[in-house]
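Chemist: Dropping the sequence and predicted coords here.
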Amino acid sequence: MGRLPRTVDRAVLVDTSTSDDAGVYLWREDLALVQTVDFFPPMVDDPRAFGRIAATNALSDVWAMGGVPRTALNLFGFPFDDLPLDVAAAILEGGSEVCREHGVVILGGHTTDEEVPRYGLAVTGEVPRGRIHRNVGARAGDWLVLTKPLGSGLLTGACMKDLLEEQDLEEALRWMTTPNRWAAEALAGLDVHALTDVTGYGLLGHLREMLQPGDLEAHLWWEEIPVMTLVPAVLERWTGTGGGLRNLELLGEKLQVEVGVPSWASALLADPQTSGGLLAALPPEDAEAWLEALARRGAFGWVVGRLEPGAGRILVEAGQRPHLPSL
């Protein structure tokens, strides 16, 4: 990717330079377009559920930028000679349901003949110029708040390896189809320094991006991090996903884990999430206000760490959140 020429255009407000969730293009003086795309093969057997997960995941990138998704295009690969068309219809219907629920219009799309199904969306949204959330800009003293528990990648991967049954994925399915819309909307009026959604790079990888340009370090409090119920039992029998291991390799010595943190914690924290939660860096008083707003909406949030001056390290500390004064 580094060999590709960088786009030079004053209307481009967010490009690929910080690996943000979506691109942002200034459409008029006060309004910008948010554009993103995401698609992948099934992680569950139920085709309608797969369609719902994929659509929820794709729309999330727009919400993570502070935007509102407006239109989408289906991206659909399917083995038409090997699977019934009813399966294809169910996948597309699942994605369409999610888009209708959030006022997103599907304008069409593109279909290819593939060996395995792949589905997702190219999404266009809008965001006021003054409300764009980036994955960079965090400050020392910020609290880190996460809005979904970790484990979707591990649990669906374990199911594919026959370590779990499909019925064991009920919790993961519920979270993967929970939209980040409500959590993003609850940030209105708060001083959000950095925001992203936790997906393919896992919590650690997306947190590493949040520490750019490298003058901060993150302290994560292990006992505050929400974990899906079956994850510990799975990681007693399995080392984790290949994607998670690659994410750990990218972190290298930047990751430090205290004695007292479970040996499997790194595998979970680096695990690629499907349709994961939002991760926000914001001052303590705004973090508390966000948690209250989430609770009023029946949503969830956990303060999982704090940012300090440093050199890009991520420290996973045993124990709970310390009692810290607001800055």
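Modeler: Arrived safely.

Chemist: what sits against the spatially most distant residue from the centre of the chain?
Modeler: Going by C-alpha atoms, centre = their mean, the residue of the chain most distant from its centre is Asp81, 33.6 Å out. By C-beta atoms under 8 Å, 6 or more residues apart in numbering, the contact list for Asp81 reads Asp113. Any C-beta I mention is one placed from the backbone N, CA and C, and that applies to glycine too.

Chemist: What ranges does the chain have for its helices?
Modeler: Here the chain has its helices, by DSSP state H, at 47-64, 85-101, 152-160, 170-176, 181-185, 202-210, 231-235, 242-251, 265-269, 284-296.

Chemist: separation between the residue farthest from the centre of the chain and Ala88?
Modeler: 12 Å (C-beta to C-beta, to the nearest Å).

Chemist: packing partners for the worst-scoring helix or strand of the chain on mean pLDDT?
Modeler: Ranked by mean pLDDT, DSSP states H and E, the helix or strand of the chain with the weakest confidence is helix 242-251, at a mean of 93. Counting contacts by 3 or more C-beta pairs under 8 Å, 6 or more residues apart in numbering; DSSP states H and E, helix 242-251 is packed against helix 152-160, helix 202-210, helix 265-269.

Chemist: how about a cut-off of 7 Å?
Modeler: Helix 242-251 sits against helix 202-210, with contacts defined as 3 or more C-beta pairs under 7 Å, 6 or more residues apart in numbering; DSSP states H and E.

Chemist: and among the helices of the chain, the most buried is which?
Modeler: The highest average neighbour count among those, using mean count of other C-beta atoms under 10 Å, belongs to helix 47-64 at a mean of 26.

Chemist: which helices and strands sit right next to that one?
Modeler: strand 31-40, helix 85-101, strand 118-128, helix 170-176, helix 181-185, strand 194-197.

Chemist: and the end-to-end length of stretch 8-26?
Modeler: Stretch 8-26 has an end-to-end distance of 13 Å (criterion: C-alpha to C-alpha, to the nearest Å).

Chemist: ok, now stretch 296-309?
Modeler: Here the two ends of stretch 296-309 are set 33 Å apart, with distance taken as C-alpha to C-alpha.

Chemist: Can you list the buried residues in that stretch?
Modeler: Neighbour counts using 16 or more other C-beta atoms under 10 Å place Ala299, Phe300, Gly301, Trp302, Val303, Val304, Gly305, Arg306, Leu307 of stretch 296-309 among the buried residues.

Chemist: same deal with stretch 23-31?
Modeler: Using 16+ other C-beta under 10 Å as the burial criterion, the residues of stretch 23-31 that qualify are Gly23, Val24, Tyr25, Leu26.

Chemist: Please produce CSV containing those residues, extended by pLDDT and distance to Ala295.
Modeler: Formatted as CSV, the buried residues of stretch 23-31 follow (pLDDT from 0 to 100; distance: C-beta to C-beta, whole Å):
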residue, pLDDT, distance to Ala295
Gly23, 96, 33
Val24, 98, 30
Tyr25, 97, 35
Leu26, 97, 35
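
Chemist: Switch these over to TSV; also include distance to Ala184.
Modeler: Below are the buried residues of stretch 23-31 laid out as TSV (distance: C-beta to C-beta, whole Å):
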residue	distance to Ala184
Gly23	17
Val24	15
Tyr25	20
Leu26	21
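
Chemist: for Asp286, what are its contacts?
Modeler: The contact partners of Asp286, by C-beta atoms under 7 Å, 6 or more residues apart in numbering, come to Leu190, Asp191.

Chemist: Tell me the spacing between it and Ala188.
Modeler: For Asp286, the distance to Ala188 - C-beta to C-beta - is 11 Å.

Chemist: Glu285 now?
Modeler: In this view, Glu285 and Ala188 are 16 Å apart by C-beta to C-beta.
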